[in-house]
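K.L.:
Structure for the following, please:
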Amino acid sequence: MAKKQRIILAIFLVCCFGITNIFSTTGAQAARIDKKASTLNTIVDQITRQVLLNMRANGFNANAKTKGLVTGGLYVNWQMNDPTQTNRLNVSTNDDPPGSHDSQTDLYYLNSMAEYKYLHPGDSSYDQDIQKISPIVHYEFFNYNLPKGWIYFYLLRTGLFLNDLTLINEANMAATNYYNNWYDTNLNLLYNKAHEPGVYSVEHTITAGAALIDAGTRWNNPQWLQAGKNTLNIAMAASYNLRAHLFYNNMSVNDNGTQVVLNDQAKPGTQGSIVEALMDAYTITHTQQYLDIADQVLQSLLFSSGLWDQDNGGLYFALDLNSGKLEQKYKETRSQAHTLIGLYRYNQILRQLGRQPKYLDKQQQLINLLTGSFYEPNYHGYFYRLTPTFQNYISKNVDGQPQSENYFTTEAMGIVLDALQQTEMNIVPF
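P.N.:
Numbers count the residues shown, from 1 in each chain. So this is what the prediction gives:
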């Protein structure tokens, strides 16, 4: 059986390279990027190297399955001080089997190494790791078909950094599927049409709209470009709370196009991802509304909403936009990272426009938190979440007993490395 799986995987890779050759001209044009980096941050570089080495030593699961095949991939998590304890902590179900993994974390990992190589072109420390994980990511994201727009940008940027034409072409495939399978030409909105009624994650749909704007421009497809603009306009009109200047988490879509809020929570991670997507879209379309809403969201997120912890720093889990209740039992690591990315991208745009950057104190505080309070310096990793005072969060296991969430998660590690390394770039290429 293992031999058969290896043969199937080998055939897939041959097909990938064939498709790469077919699209090589388009990919080569897309891969021309401007390699400009700011003065590198010694602390960020040191932490990046330490986390990547930790992931190399403890994060790879040779038994991980993808699409029914044993391909290898990253563990979901492992215990900080005992890496043999893997995939044991799942905040939702607590029963990850040994062979399961989240393919998205493989993409985060490859992206982190690609960014490191981009910033350190003479350093070959992670070349073998890149070669090891790249074919796995190629297989995982071939013909990707879920309405999650951020996947497009990670495939594209990682492909550009590595000059990996397969990843660039897979970004093209993802955009093709966004339009063909998830965009409703009657409602002019990209959402999950397979659900009845239709539903969408606001973060995923807005990032998918931005992805179609980018892909439509990059590959000269006016239909994609217009679909992306339509999706942003309609999703933003329905899911943006004008009072709080924050986005809801989930929406439902009726057959007549009316929309209803499914989840009233405003999560910082969602807001940061949306700001990043709006900056991607603004760079191409120069639509002032995108810049204005990004500014309003950041102002609310960092100051007026109460989500920013004024005493200890950092962002709480969520704000309920219906009741006004602040969910402040813990702080998600990914929320700090996504907010930092959105804020940094916003300030890059302001600089390009010749304007003064904003909220620089919060930007630096987020960098300090991700290189300080959220970072575990002895074992070199990041947890899914911490208490408001940055202690290990205590939850309950399946038996109702207290458990310390002292498990490093590959999702948190990948997103944080992305955020920190982006702050080392004067210009973040798409």
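K.L.:
Identify the residues contacting the residue nearest to Tyr316 when sequence neighbours are not counted.
P.N.:
Leaving aside its sequence neighbours, Tyr316 sits nearest to Gln328 (C-beta to C-beta, 6 or more residues apart in numbering; 4.1 Å). For every residue, glycine as well, the C-beta is placed using N, CA and C. Shown in contact with Gln328 (C-beta atoms under 8 Å, 6 or more residues apart in numbering): Asp309, Tyr316, Phe317, Pro388.
K.L.:
State the pLDDT value of Gln328.
P.N.:
Looking at Gln328, its pLDDT is 97.
K.L.:
What of Ile130?
P.N.:
Reported pLDDT for Ile130: 98.
K.L.:
Below-threshold pLDDT in this structure: ranges please.
P.N.:
Within the chain, the stretches with pLDDT under 70 are 1-38, 90-97, 429-430.
K.L.:
For Asn54, grab the count of nearby residues.
P.N.:
The number of residues packed near Asn54 is 20, by other C-beta atoms under 10 Å.
K.L.:
which stretches of the stretch 201-350 of the chain form strands?
P.N.:
Applying DSSP state E, counting those that start in this stretch to the stretch 201-350 of the chain gives strands spanning 240-241, 246-247, 250-253, 259-263, 265-266, 318-320, 326-327, 331-332.
K.L.:
which one of these is the most hemmed in?
P.N.:
strand 246-247 (a mean of 26; mean count of other C-beta atoms under 10 Å).
K.L.:
And it, what does it pack against?
P.N.:
Here strand 246-247 touches helix 202-218, strand 240-241, helix 268-285, going by 3 or more C-beta pairs under 8 Å, 6 or more residues apart in numbering; DSSP states H and E.
K.L.:
Show me how far the last one is from its chain's centre.
P.N.:
It refers to helix 268-285. 12 Å (C-alpha atoms, centre = their mean, to the nearest Å).
K.L.:
which other helices and strands contact it?
P.N.:
Counting by 3+ C-beta pairs under 8 Å, 6+ apart, helix 268-285 packs on helix 149-162, helix 202-218, helix 222-239, strand 246-247, helix 288-299, helix 333-352.
K.L.:
again, only this time at 6 Å
P.N.:
Judged by 3 or more C-beta pairs under 6 Å, 6 or more residues apart in numbering; DSSP states H and E, the packing partners of helix 268-285 are helix 202-218, helix 288-299, helix 333-352.
K.L.:
quick one, it and strand 259-263 angle?
P.N.:
140 degrees (axes from the mean of the first three to the mean of the last three C-alpha atoms, to 10 degrees).
K.L.:
For PyMOL, what selects the buried ones among the contacts of Gln328?
P.N.:
In PyMOL, this line selects whichever of the contacts of Gln328 come out buried by 16 or more other C-beta atoms under 10 Å:
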select buried, resi 316+317+388
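K.L.:
just the contacts of Gln328 now: which is nearest His245?
P.N.:
Tyr316 (16.7 Å; C-beta to C-beta).
K.L.:
What distance do you get for the closest one to Ala237?
P.N.:
According to C-beta to C-beta, to the nearest Å, Tyr316 stands 27 Å off from Ala237.
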